[in-house]
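Chemist: Sequence and predicted model, in that order:
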Amino acid sequence: MKLVTFTHNKQSRVGAVVGDAVIDSQGCQGIPVTLIDFLKAGVDALAAMQRQIDSGNARIALQDVKLEAPVPRPGKYLGISLNYAAHIAETGRDKPEYPSFFTKQNTCIIGHGAAIQRPKVSDKLDYEGELAFVIGKPCRHVLVTEACHYIAGFTIANDVSVRDWQMHSPTMMIGKSFDTCGPLGPWLVTSDEISDPHNLAIKTWVDDELRQNANTQQMIFNCYDMIAYLSQAMTLEPGDVITTGTPAGVGVKMQPRGYLKPGQTVRIEIEGIGQLVNPVIEEA
């Protein structure tokens, strides 16, 4: 199932995408309005959505809705750094002994089609195409072998980074959290539809130029490693977003630098999920 958060007639709610239509959940018993509440409702909400899909009713053309980020305001947005060997090599850094995480503040999140703003204070705006997963059930002290059961689904993330501000702090948080620097989407593909999240082609284009071309099998720490590691320290909750690192090919390591400019478009494609597309504009 492809779950979406969408806005239609100025109202936002959860739906599902089938072909070129959104299955509208408005007024459906058992389907909460927000995706976090939907995930908390578990199998009952999924069953209610499947009944709505099977009914053939309440369909809105995909082109007539605005797709928001699947989880517009997660409780946690955690990103892993240096998780592809080729990216580590291009940065000149050492391979990490442990997974290294930073946070992105949830006010940075935008959806598919929304504009990434190049901030007034910097022209060093960069892209990072990444696989992201969303936690479906509360968990703590999870075994690697059990971690797959706590993933609700997968989506695409662009870990947009303001590179000079990223270096203002060892945590990188401020340079990762500028408004509009967290595109997510276009939807959440439930985990039953992704047979192996660790063997997916991932590509990033800036306009028509292919900048990143890799496969998630090249990750050093996989999705299940991340859940097991993080859950030793904190409770992971439904709707928490975890991004899995970017491959080689980021703009900061190009010669000349390949920073994003207003008028360009970033397109990230991950096999089995789809495409996340966002234009770049100057901050108003």
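Modeler: The structure has been received and is ready for your questions. Numbering: from 1, shown residues only.
Chemist: Can you give me every residue that contacts the residue nearest the centre of the chain?
Modeler: In the chain, the centroid-proximal residue (Cα atoms, centre = their mean) is A157; its distance is 3.1 Å. A157 makes contact with 79, 129-132, 182-184, 241, 243, 276 under the criterion Cβ atoms under 8 Å, 6 or more residues apart in numbering. To be clear about C-beta, it is placed using only N, CA and C from the backbone, and glycine gets the same treatment.
Chemist: That one and L184: what is the separation?
Modeler: 6 Å (Cβ to Cβ, to the nearest Å).
Chemist: Now for these two: what residues contact both?
Modeler: Common neighbours of A157 and L184 are listed as 132, 241, 276 (criterion: Cβ under 8 Å, 6+ apart).
Chemist: Quick one: residues contacting the second one.
Modeler: Taking Cβ under 8 Å, 6+ apart, we find V241 in contact with 71, 74, 76-78, 132-134, 157, 184.
Chemist: Who does it form a beta bridge with?
Modeler: For V241, the beta-bridge partners under DSSP bridges are Y77, V134.
Chemist: oh, and call the first residue 894 from now on, that's how I've got it
Modeler: All set: I'll call the first residue 894, so the last point we hit is now V1134.
Chemist: circling back: for Q919, state which of the contacts of A1050 is nearest.
Modeler: Of all the contacts of A1050, Q919 sits closest to L1077, with 22.6 Å by Cβ to Cβ.
Chemist: Test my guess that that closest one contacts G972.
Modeler: No: assessed by Cβ atoms under 8 Å, L1077 is found out of contact with G972, at 11.7 Å.
Chemist: And those two? Which one has more around it.
Modeler: The neighbour count for L1077 versus G972, taken as other Cβ atoms under 10 Å, is higher for L1077 (30 against 26).
Chemist: I'd assumed that one was in a strand, is it?
Modeler: Yes: L1077 forms part of a strand when assessed by DSSP: H, G, I helix; E, B strand; the rest coil.
Chemist: So what's the residue count around the nearest residue to it once chain neighbours are set aside?
Modeler: Closest residue to L1077 apart from its sequence neighbours, by Cβ to Cβ, 6 or more residues apart in numbering: A962 at 4.0 Å. Using other Cβ under 10 Å, A962 has 27 other residues around it.
Chemist: Need the phi and psi values for A962.
Modeler: phi -60, psi 140 (degrees, to the nearest 10).
Chemist: List the contacts of it.
Modeler: A962 makes contact with 898, 1002-1004, 1075-1078, according to Cβ under 8 Å, 6+ apart.
Chemist: next one: I1095
Modeler: By Cβ under 8 Å, 6+ apart, the contact list for I1095 reads 1022-1024, 1105-1109, 1140, 1161-1164.
Chemist: Take those and, keeping just the buried ones, write it as a PyMOL select command.
Modeler: Of those, the buried ones can be selected in PyMOL as follows, counting by 16 or more other Cβ atoms under 10 Å:
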select buried, resi 1022+1023+1024+1105+1107+1109+1140+1161+1162+1163
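Chemist: Strands - which of the contacts of I1095 land there?
Modeler: With DSSP state E as the criterion, strands contain 1022-1024, 1105-1108, 1161-1163 from among those.
Chemist: Rebuild the residues you listed as JSON lines, extending it with pLDDT and distance to P1090.
Modeler: Output for those, formatted as JSON lines (pLDDT from 0 to 100; distance: Cβ to Cβ, whole Å):
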{"residue": "G1022", "pLDDT": "98", "distance to P1090": "15"}
{"residue": "E1023", "pLDDT": "98", "distance to P1090": "12"}
{"residue": "L1024", "pLDDT": "98", "distance to P1090": "7"}
{"residue": "Q1105", "pLDDT": "98", "distance to P1090": "17"}
{"residue": "N1106", "pLDDT": "98", "distance to P1090": "18"}
{"residue": "A1107", "pLDDT": "97", "distance to P1090": "14"}
{"residue": "N1108", "pLDDT": "98", "distance to P1090": "11"}
{"residue": "I1161", "pLDDT": "98", "distance to P1090": "16"}
{"residue": "E1162", "pLDDT": "98", "distance to P1090": "15"}
{"residue": "I1163", "pLDDT": "98", "distance to P1090": "10"}
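Chemist: possible to save these as a markdown table with distance to A940?
Modeler: Listed next are the ones in strands among the contacts of I1095 as a markdown table, based on distance: Cβ to Cβ, whole Å:
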| residue | distance to A940 |
| --- | --- |
| G1022 | 34 |
| E1023 | 31 |
| L1024 | 27 |
| Q1105 | 38 |
| N1106 | 39 |
| A1107 | 36 |
| N1108 | 34 |
| I1161 | 32 |
| E1162 | 31 |
| I1163 | 27 |
